[in-house]
Each structure stands twice: as structure tokens, then as C-alpha cells.
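Sequence first, predicted model second:
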Amino acid sequence: MFRTLALACVAVALLAGCTPAASPAPTDSPSSSYPAPSSSASGAPAPDTSAPSGTPTAVPTDSADAPAATTLVMHARSVSALAADGDVISTAKVSEPASAVIKKLTAVFGEAPAKGTDGATTTYSWGGFTVRVWKSRVSEAEGGTEKLFPLAGFEATKKSALGIRLGTVRGIAVGDSAKTLAKKYPKAVRVLCDCTEQYFRFDETTVGQHGDFTQTQSVLATASSPTGKVTTIAAPSANYE
């Protein structure tokens, strides 16, 4: 029998992640699924066993001729760095090893991330953009798969990070109004909860099937209220626990 996430889980879904249930089941509350990076002082990936690192250091790009990223676009299961002309420079996917995700984003931002911990996750942050990483989630969901419970996820809490704009495919960014988001995403699912915030789920992609229930992952935007400002954009967000 399907169960929905507890409201307490809603409050921490974007911050530390919720422990998956024994088997994937649908939920009407926002849930975040995330994959796993790590980094060392030099900017190269490393196991996430150390304490938060100090000041980030600059990391050279692979080529002096590589175009600079101006925008980082968030999708349900990936983020893409775009040049000023709209060309895709690189894409980091949650299906990739965490080390590859961190390496790609380090090249995009031009410096290594600040590393920290937040509950069960290790965080890698570049200003207003963060990658959250779990050591393991598949084993916590009996019969689950890494596709359903990826080890890393993306989160934007500001309009830009290190000079790179952060947003969705249709240009929604932190600070935009919930009304603007609703106009650009008229088919967005409004997730209901007994809370002040308004959650919008959109740009969904199918990742599995549980009986006759289709399991999807989406981009999840949180607004301070149904008419307030967008405060967070995160992915992937699942419609199951």
C-alpha cells in the first residue's frame, strides 16, 4: 500500500534528503533524490571523509580556447553549462560517477568547490550552487536502484554563482515570483502540503514503474508562498519515496 512522505520530511527534503522507504512508492509531498562527488584541495575528486575544506582554489580549464559558461541550466537529472551563444559546453548527469560530476562543475566554475557536510550528505558548493552527495542510498531502499535513488543532486539557492546564471530550461531563477513560474510552467504540478511554502514540480522524466504507478523525477522549485519568490531550485525530485 502506497505511503506518502511525512511533512517533517518535506522540511528537510532539499537540505539533507529523506531516507527512502522499504520499496519505492508514490507520494504527494516533495522528495529529493541526489548522486555522489568528492574533492581534494587540488580540485581533483577524493573520498568524502575529510572535514570541510578551506578557501577554494582556482582550477585551470583543459583548454585556453574553451568558451566560458554564462548559464547553468538545471534539468530533472542533469545540469548543462551554456556559453553566451547558447551552445552547450558540458553536461553533468546524476547517472555519472560523483567524481565526474564534481570535475565537470569545477571546470565550469573555474575553481574547486567549498566542501562541507549536512546531515547524511557531503556538500560541494560554488556560491549559490551546491551538489549534495550520499555515500549510499540504494541499500537503504530494499530492491531500489541507483536510477531511482541517485547518489547526488543539484541545488540552486541564488540567482547566480561565481558570475554564472543559475536557472531552468525556461529561464526561471531564484528570486523570480511564483506567478511568473506558473506562467512559464502552466502544467507544473503544485505539490500540496500543510505549510507556508509552495512547491512546483516540472520538467519530469520517467525513471521506473511501480505496478500501475509511473515513477518520475523532476525539477522542484520552492517559493516562499503561492505568490511569493522562488527560494530554491533543486533536482532530481521524485514523486515517490
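It's in. Numbers count the residues shown, from 1 in each chain.

buried ones in the longest helix anywhere in the chain?
Determined from DSSP state H, the single longest helix within the chain is helix 98-109. Buried residues in helix 98-109, defined by neighbour count with 16 or more other C-beta atoms under 10 Å: 98-99, 101-109. No exception for glycine: its C-beta is placed from N, CA and C like everyone else's.

same check, this time on stretch 79-90
Applying 16+ other C-beta under 10 Å to stretch 79-90 flags 79-82, 89 as buried.

same question, stretch 223-237
Buried, per 16+ other C-beta under 10 Å, within stretch 223-237: 223, 230-237.

Going toward the C-terminus from the longest helix of the chain, what's the next helix or strand?
strand 114-118 (DSSP states H and E).

relative to helix 98-109, how tilted is that next one?
Taking axes from the mean of the first three to the mean of the last three C-alpha atoms, to 10 degrees, strand 114-118 and helix 98-109 form an angle of 130 degrees between their directions.

residue boundaries of the strands in this structure?
With DSSP state E as the criterion, the chain has strands at 26-32, 71-74, 78-82, 88-93, 114-118, 121-126, 129-133, 152-156, 160-161, 164-168, 189-191, 198-210, 213-223, 230-240.

Quick one, which of the ones you listed gets closest to A178.
When these are ranked by distance to A178, counting by C-beta to C-beta, first place goes to strand 213-223 at 3.8 Å.

For the closest one, name the packing helices and strands.
Helices and strands touching strand 213-223, by 3 or more C-beta pairs under 8 Å, 6 or more residues apart in numbering; DSSP states H and E, are strand 26-32, helix 178-184, strand 198-210, strand 230-240.

Enumerate the positions of the third one that are buried.
Residues of strand 198-210 classed as buried under the neighbour-count rule (16+ other C-beta under 10 Å) are 198-204, 207-208.

and the residue nearest to the spatial centre of the chain, what are its bridge partners?
With distances taken as C-alpha atoms, centre = their mean, F154 lies nearest the centre of the chain, 2.1 Å away. Beta bridges link F154 to V131, A235, judged by DSSP bridges.

I'd assumed I164 was in contact with K158.
No. Applying C-beta atoms under 8 Å, one finds K158 not in contact with I164, separated by 10.6 Å.

Could you tell me which residues touch both of these two?
Jointly contacting K158 and I164 under the rule C-beta atoms under 8 Å, 6 or more residues apart in numbering are F129.

out of these two, which sits in the busier spot?
Set side by side, K158 and I164 give different neighbour counts by other C-beta atoms under 10 Å, the larger being at I164 (20 against 15).

List the contacts of the more buried one.
Residues in contact with I164, defined by C-beta under 8 Å, 6+ apart, are 69-72, 81, 108-109, 129.

One more pass at 6 Å, please.
By C-beta atoms under 6 Å, 6 or more residues apart in numbering, the contact list for I164 reads 69, 72.

Distance-wise, check D203 relative to F154.
Counting by C-beta to C-beta, to the nearest Å, the separation of D203 from F154 is 13 Å.

intersection of neighbour lists for the two?
Residues touching both D203 and F154 (C-beta under 6 Å, 6+ apart): there are none.

From one end of stretch 105-117 to the other, what's the distance?
With C-alpha to C-alpha, to the nearest Å applied, stretch 105-117 spans 18 Å between its terminal residues.

what is the mean pLDDT for that stretch?
Stretch 105-117 carries an average pLDDT of 96.

Who does M74 form a beta bridge with?
Counting by DSSP bridges, the residues bridging with M74 are V79, T168.

Now do the contacts for K229.
175, 177.

Return the per-residue confidence for it.
pLDDT at K229 comes out at 97.

Mind listing the residues bridging to it?
With DSSP bridges as the criterion, K229 is bridged to S177.
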